[in-house]
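# Can you look at this prediction? I've put the sequence above it.
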Amino acid sequence: MSPRAFLYVVFCLSLLGNVYAQTNLGSKDSLLRTLKTLPRDTNRVNTLLRLDKIAATEQAYDSAVYYGKLALDLATELKFERGIATAQIDLGVSYWYMGNYTESLNMNYAALGIFQRT
């Protein structure tokens, strides 16, 4: 496959990923309303992660980092390993888009360590 064709395929797949993410994450407003009623449990972590992903797809990386950090803190408090690793990956992506490559790598390596253990 030529490099040009490969780049075209990657571009098309990235567009599909964005469409999938935007249609299946739910409404930001409804998630924020739900968040107010949720106890401090894994469902709250998952809702924060969904808000993080929505913010990232909207290229609001400051908001994505905010929700990602809230999710990471709560997941750590709950010892929810999958939530910790997912929050670290999401934070790593946001940091990467913000140009903070060192912090992005740190987050992704930390997540990798968790996924390798579990």
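Yep, it's here.
# From now on I want contacts and neighbour counts done on CA atoms only, so please keep to that.
OK.
# and for stretch 35-46, what are the contacting residues?
47, 48, 70, 71, 72, 74, 75, 78, 80, 83 (Cα atoms under 8 Å, 6 or more residues apart in numbering).
# list the contacts for residue 115?
Residue 115 sits next to 82, 85 when contact means Cα under 8 Å, 6+ apart.
# What separation is there between it and residue 84?
With distances taken as Cα to Cα, to the nearest Å, residue 115 is found 10 Å from residue 84.
# So, low pLDDT: which residues of this protein?
Along the chain, segments meeting pLDDT under 70 span 1-25.
# can we see that at 50?
Applying pLDDT under 50 to the chain picks out residues 18-22.
# so is the residue nearest to the spatial centre of it in a helix, a strand, or just coil?
Centroid check for the chain by Cα atoms, centre = their mean gives residue 90 as the closest residue, at 3.0 Å. With DSSP: H, G, I helix; E, B strand; the rest coil as the basis, residue 90 sits in helix.
# surely it meets residue 51?
No: if you go by Cα atoms under 8 Å, residue 90 and residue 51 don't touch, sitting 10.8 Å apart.
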